[in-house]
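>>> pasting the sequence and the predicted model now:
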Amino acid sequence: MNESEGGITAPRGVLAAGVCCGIKKTGLPDLAMVVSEREAVVSGVFTRNRVKAAPILLCQERIVEGKFSALVVNSGNANACTGQRGMKDARQMVRRAANLLGRPEEQVFVASTGVIGEPLPMEKISQGVAMAVEALGKDQGQRAARAIMTTDTFPKEAAVSLVIGDTSVHIGGMAKGSGMIYPRMATMLAFVASDANISASLLARSWKRAVAQSFNRITVDGDTSTNDMALAFSNGLSGCSRIHEGSREHLLFQEGLNWVTSTLAKLIVRDGEGATKFIRVEVKGARSQREGELAAFAVANSNLVKTAFFGEDCNWGRILSALGSSGASVRPEQIDLFIGPVQIVKKGVGLGKDRQPQVKEILKEREIELLVHLHQGRAQTEVWTTDLSYDYVKINASYRT
């Protein structure tokens, strides 16, 4: 398996475009399109928030058929909490793209991201869809990745190539997300394409595994969006032999899919709104995977823990407090804590101020590892999070202005 270039357009037969149609006041790209030159199989996971945006509801309707031709994404407006008009507008976006592309309407998917509660500017979007159709190309993947950004500071892309039989197969993707990140399914928006020959049912199982070990392991601020969506499609245009479940080829495909999704997920965390630290929280010795996740996310979502990391303050009491309220089985007298290679707590008791200088140097780093050992069982897990800075408040205090 080798890392490759191209992002979402790395696989054969995948084209993309990103255009400016005036949704954003900044004049930056705000509408993206991704097209498979041949009908593809598709799988998707969606937000667990009960308040769902219109595009989520529409995509959930058509994902059942398991067929994909194209995707249209706008940024700058979430088309969420917009009632019947929102559903009408989402369907109009799909219909416009399907007509211009000459593809079945039920195979065109739609996504939106941005401000909640405002209707879409459909005249601008209609023009943008036409512009995107004209701009489609193999070299437009990064332009599409930029067009789906909101508060992101850089486009997020990843791609790999692998050999199945004697055939080169590509998997590539793009994502956006910076704030309102605690998906419990995926991320704000993530799209992955492949040219492997795989069934819709096997792709769905593989996709859920990939999401579980990547997008379901991240949190920036503990908020789950109304618009979270992650789609994967595969068109078979590599010409590789059919992938069968449990085969060596399937394991290789899963490895590639996992790499792409975990790379995109980590990029989202590194670009967290106002973030200055990328923090890997690893929990060992939990009674079960579920309890390990409860403990890890309790630490990763704690505002007190996150602000301590921002201040480069080894305030380990906040970590123990978060663990104690996590819902996981915790015995304080058995907990060990490490920051990087330095142990700071043993059996629930701090090891003294003489370790502070070492820890202080570690906390100055951009990437930090925190290890929690509960000594309750054999399960282990990890999640990826950020610190919480002044800039996070500034960004979100003025998001709509």
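Everything's here; your move.
>>> and V19, what are its bridge partners?
Going by DSSP bridges, V19 is paired in beta bridges with L31.
>>> kindly apply the preceding question to A159 instead.
Here A159, judged by DSSP bridges, has bridge partners G172.
>>> list the contacts of it.
Taking CB atoms under 8 Å, 6 or more residues apart in numbering as the criterion, A159 is in contact with 3-7, 10, 170-173, 260. (Each C-beta comes from the backbone N, C-alpha and C, glycine too.)
>>> narrow those to those in helices?
In helices, defined here by DSSP state H, the members of the contacts of A159 are V260.
>>> which one of the contacts of A159 is nearest to A298?
V260 (28.5 Å; CB to CB).
>>> got phi/psi on A190?
Main-chain dihedrals, A190, degrees, to the nearest 10: phi -150, psi 130.
>>> what count of nearby residues applies to it?
Neighbour count for A190, taken as other CB atoms under 10 Å: 30.
>>> swap in A90?
Counted by other CB under 10 Å, the residues lying close to A90 total 24.
>>> go on, R48?
Counted with other CB under 10 Å, residues neighbouring R48 total 12.
>>> same deal with the one 10 residues further on?
Taking other CB under 10 Å as the neighbour definition, L58 ends up with a count of 21.
>>> cool, Q289 as well?
Every residue meeting other CB under 10 Å relative to Q289 is counted, giving 12.
>>> how near is the closest residue to A379 other than its chain neighbours to F297?
Closest residue to A379 in three dimensions, ignoring its sequence neighbours and counting by CB to CB, 6 or more residues apart in numbering: A286, at 4.3 Å. With distances defined as CB to CB, to the nearest Å, the gap from A286 to F297 amounts to 12 Å.
>>> ok, R205 next?
Between R205 and F297 the computed distance is 25 Å (CB to CB).
>>> next: R12.
If you measure R12 against F297 using CB to CB, the figure is 39 Å.
>>> more neighbours: which of the two?
Neighbour totals were compared for R12 and F297, and F297 leads with 24 against 20 (other CB under 10 Å).
>>> residue boundaries of the helices in the stretch 101-250 of the chain?
Ranges of helices in the stretch 101-250 of the chain, per DSSP state H, counting those that start in this stretch, are 122-135, 141-147, 200-212, 248-270.
>>> sketch out the low-pLDDT regions of the stretch 51-200 of the chain for me.
For the stretch 51-200 of the chain, applying pLDDT under 70 flags the ranges 178-187.
>>> neighbours around A322, how many?
For A322, the neighbour count with other CB under 10 Å is 21.
>>> ditto for D139
If you count neighbours by other CB under 10 Å, D139 ends up with 10.
>>> ok, A265 next?
For A265, using other CB under 10 Å, the count is 29.
>>> list the contacts for the nearest residue to it once chain neighbours are set aside?
Nearest residue to A265, sequence neighbours excluded (CB to CB, 6+ apart): S214, at 4.2 Å. S214 makes contact with 258, 261-262, 264-265, according to CB under 8 Å, 6+ apart.
>>> for K306, same thing?
By CB under 8 Å, 6+ apart, the contact set of K306 is 300, 385-388.
>>> apply 10 Å and report the result again.
The neighbourhood of K306, defined by CB atoms under 10 Å, 6 or more residues apart in numbering, consists of 219-222, 272, 275, 277, 279, 299-300, 318, 385-389, 392.
>>> and what of A40?
For A40, the contacting residues are 11, 13-14, 66-70, 107, 193-195, 198, 200, 203, 232-237, by CB under 10 Å, 6+ apart.
>>> check E367 too.
With contacts defined as CB under 10 Å, 6+ apart, the neighbours of E367 are 266, 270, 277-280, 340, 384.
>>> please redo it, this time with the cut-off set to 6 Å
E367 makes contact with F278 under the criterion CB atoms under 6 Å, 6 or more residues apart in numbering.
>>> now do A10
For A10, the set of contacting residues under the criterion of CB under 6 Å, 6+ apart consists of 4, 159, 170, 172.
>>> got a markdown table for those residues, with distance to V42 too?
What follows is the contacts of A10, written out as a markdown table (distance: CB to CB, whole Å):
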| residue | distance to V42 |
| --- | --- |
| S4 | 22 |
| A159 | 18 |
| H170 | 17 |
| G172 | 15 |
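>>> and which of these is nearest to E249?
Proximity of these to E249, judged by CB to CB, is greatest for H170, which lies at 14.5 Å.
>>> against N197, how distant is the closest one?
Here H170 is placed at a distance of 13 Å from N197 (CB to CB).
>>> circling back to that earlier point, redo the helices of the stretch 101-250 of the chain as TSV? Include distance to G18.
Output for the helices of the stretch 101-250 of the chain, formatted as TSV (distance: least, CB to CB, whole Å):
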stretch	distance to G18
helix 122-135	8
helix 141-147	3
helix 200-212	24
helix 248-270	17
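>>> what's the closest of these to N77?
Using CB to CB as the measure, helix 122-135 is the one of the helices of the stretch 101-250 of the chain that comes nearest N77, at 8.7 Å.
>>> report the buried residues of that closest one.
Neighbour-count burial for helix 122-135, with 16 or more other CB atoms under 10 Å as criterion, is recorded at 124-129, 131-133, 135.
>>> cool, stretch 65-82 as well?
Buried residues in stretch 65-82, counting neighbours by 16+ other CB under 10 Å, are found at 66-80, 82.
>>> now stretch 341-348
Here stretch 341-348 shows 342, 344-345 as buried, counting by 16+ other CB under 10 Å.
>>> before we move on, back to that, out of the contacts of A10, flag the one nearest to E333.
Comparing the contacts of A10 against E333 with CB to CB places A159 closest, at 47.9 Å.
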